[in-house]
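>>> Could you look at this predicted model? Sequence included:
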Amino acid sequence: MTKVFITGMGCITPLGNDIKTMWDNLVAGKCGIGLISQIDNTNLPMKFAAEVKDFRPEDYGIDKAMVRHNDLYALYALAAASQAMADSGLKVGEDVDPRRLGTAIGSGVGGIKTFEKEHANKMENGMRRISPLFIPEMIANIGSANVAIVYNAQGPNLPVVTACATGTHSVGEAFRLIKEGRADAVITGGAEASICEMAVGGFWNCKALSSNTEADTVSIPFDARRKGFTMGEGAGVLVLESEELVKRRGAKVYAEVCGYGNTCDAYHYTAPRPDGLGAAEAIRLALDEAGFKAGDNLYINAHGTGTPLNDKGETAAIKVALGEDEARRAVISSTKSMHGHMLGATGAVELIISALALQNGIIPPTINLREPDPECDLDYTPNTARKWQADYAISDSLGFGGHNACVALKKV
């Protein structure tokens, strides 16, 4: 089976709308969280979110018709894909047969802004006034479909929907497509744009959002003061290629994708297993496939949502997967402390961050970690980035419904 490499990356995030800006802000420990500005926050129970700033679709070659006919999440996907394809230098039809180019860009909730808008339209004007584009704008596969159309990607198209694990599962399944010989390259990742009253209200009422009231305390993974997650938005897209294609065209690479774990807790529709066994198995599967061994330097970009149950359960999972000694050797961080929880996009963005950590020998921090939880007692890189060269990196993501995903990367 072929090896698989990352050759291009692109992002739209609360910390910047390109890879360099996002990375520089991560290393500097900047926070992308602030008061919600997209909608009137006066009556919102949670007034903070990690919003994308200064997004202009035209900067990424997206025309006005496409803007009118797409939900914001799909525009984020197109913009991140535009960056990733330009970064990779991959020429469809010249370097890769369109039938061997796949797409796997998922979304946790799809076009929820469109759903909310058209529901209001129906309530005010009646069913016959619902937009004829409501369904294609709302469905969670359309971001992946539109990217395939733009780049003539006629191979497998697999938009995963696994809640907060979506982006990581998408990259993992893209890795499998190439490794098993069903595609030579795949445009993959996740996209989300769900900062709206319906989503904020829904997450708040199920007690998932932070009830802290200051910007520097609403997203504080592994801290004893944590009270929930903070919503984010954006997209992360990676171009994965087979070793043969990389060599044939002399492409640059960021990292090797070398392992993937996919498990289910089969426990509860929102809460993770307290013992972390499902997540631990996903981590173990990814590391075993990657060839990780005791003594190798490992960076973990943790799911690290800042919910009381997730952070202690994830800490337990890391210990089970690695063993106590290796767990304490690993260097971990939750970058959600800076970019918030980007839901279906978060795993893809965090894999991009993991690849950059391997390439640059720098571990981004978990900011605002001031009062460590005694039940979260590993090395979470508190507050300040650290120079440290990892051999391997993993990013794990844990979604509602018990979905667990982990992708492993290797330094090249």
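Structure received.
>>> CA only for contacts and neighbour counts going forward, please
Will do.
>>> Dump the helix or strand harbouring residue 347 to PDB, keeping only the CA atoms.
Assigning secondary structure by DSSP states H and E places residue 347 in helix 346-360. Output of helix 346-360 as PDB, limited to C-alpha atoms (Å, rounded to 0.1, in the frame of the first residue of the first chain):
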ATOM      1  CA  THR A 346     -12.300  21.700  13.900                       C
ATOM      2  CA  GLY A 347     -10.600  18.400  13.300                       C
ATOM      3  CA  ALA A 348      -9.300  19.400   9.900                       C
ATOM      4  CA  VAL A 349      -8.000  22.700  11.200                       C
ATOM      5  CA  GLU A 350      -6.300  20.900  14.100                       C
ATOM      6  CA  LEU A 351      -4.600  18.400  11.700                       C
ATOM      7  CA  ILE A 352      -3.300  21.400   9.800                       C
ATOM      8  CA  ILE A 353      -1.900  22.800  13.100                       C
ATOM      9  CA  SER A 354      -0.400  19.400  13.900                       C
ATOM     10  CA  ALA A 355       1.400  19.300  10.500                       C
ATOM     11  CA  LEU A 356       2.800  22.800  11.100                       C
ATOM     12  CA  ALA A 357       3.900  21.800  14.600                       C
ATOM     13  CA  LEU A 358       5.900  18.900  13.100                       C
ATOM     14  CA  GLN A 359       7.300  21.000  10.300                       C
ATOM     15  CA  ASN A 360       8.300  24.000  12.500                       C
END
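>>> dump the residue contacts of the closest residue to residue 154 other than its chain neighbours.
The shortest distance from residue 154 to any non-neighbouring residue, by C-alpha to C-alpha, 6 or more residues apart in numbering, is to residue 99 (4.6 Å). Residues counted as contacts of residue 99 (C-alpha atoms under 8 Å, 6 or more residues apart in numbering) are 153, 154, 155.
>>> Now do the helices in the protein.
With DSSP state H as the criterion, the chain has helices at 19-27, 64-68, 72-88, 112-125, 134-138, 142-151, 166-179, 197-205, 243-249, 277-290, 308-322, 324-329, 336-339, 346-360.
>>> Relative to the whole chain's centre, how far out is the fourth one?
Read it as helix 112-125. Centroid separation between helix 112-125 and its chain, computed with C-alpha atoms, centre = their mean, to the nearest Å, is 28 Å.
>>> Listing request: residues of this structure with sub-threshold pLDDT.
Counting by pLDDT under 70, the chain contains no low-confidence residues.
>>> And it, split by domain according to the record?
4-249, 261-401 (automatic domain parsing).
>>> can you give me the end-to-end distance of the last one?
With C-alpha to C-alpha, to the nearest Å as the measure, domain 261-401 spans 16 Å from end to end.
>>> returning to what we had before: I'd like the distance from the helix holding residue 347 to the chain centre, please.
For helix 346-360 - counting by C-alpha atoms, centre = their mean - the centre lies 9 Å from the chain centre.
>>> what's the answer for stretch 219-233, then?
The answer for stretch 219-233 is 16 Å, by C-alpha atoms, centre = their mean.
>>> same check, this time on stretch 314-330
The answer for stretch 314-330 is 22 Å, by C-alpha atoms, centre = their mean.
>>> Which residues does that stretch contact?
Here stretch 314-330 has contacts from 275-281, 283-284, 294-295, 297-300, 302-304, 375-379, using C-alpha under 8 Å, 6+ apart.
>>> ranking the helices of the chain by burial, who's on top?
With neighbours taken as mean count of other C-alpha atoms under 10 Å, the helices of the chain reach their highest mean count in helix 336-339, at a mean of 31.
>>> Dump that helix to CSV, keeping only the CA atoms.
Extracted C-alpha coordinates of helix 336-339, given in CSV (Å, rounded to 0.1, in the frame of the first residue of the first chain):
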residue,chain,number,x,y,z
LYS,A,336,-9.6,25.5,20.9
SER,A,337,-8.5,27.8,23.7
MET,A,338,-7.7,30.2,20.8
HIS,A,339,-9.9,29.3,17.9
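>>> coming back round to it: how much space separates the residue nearest to residue 154 from residue 2?
Residue 99 sits 18 Å away from residue 2, taking C-alpha to C-alpha as the criterion.
>>> gap between residue 177 and residue 42?
Taking C-alpha to C-alpha, one finds residue 177 at 47 Å from residue 42.
>>> I meant residue 96, not that one.
51 Å.
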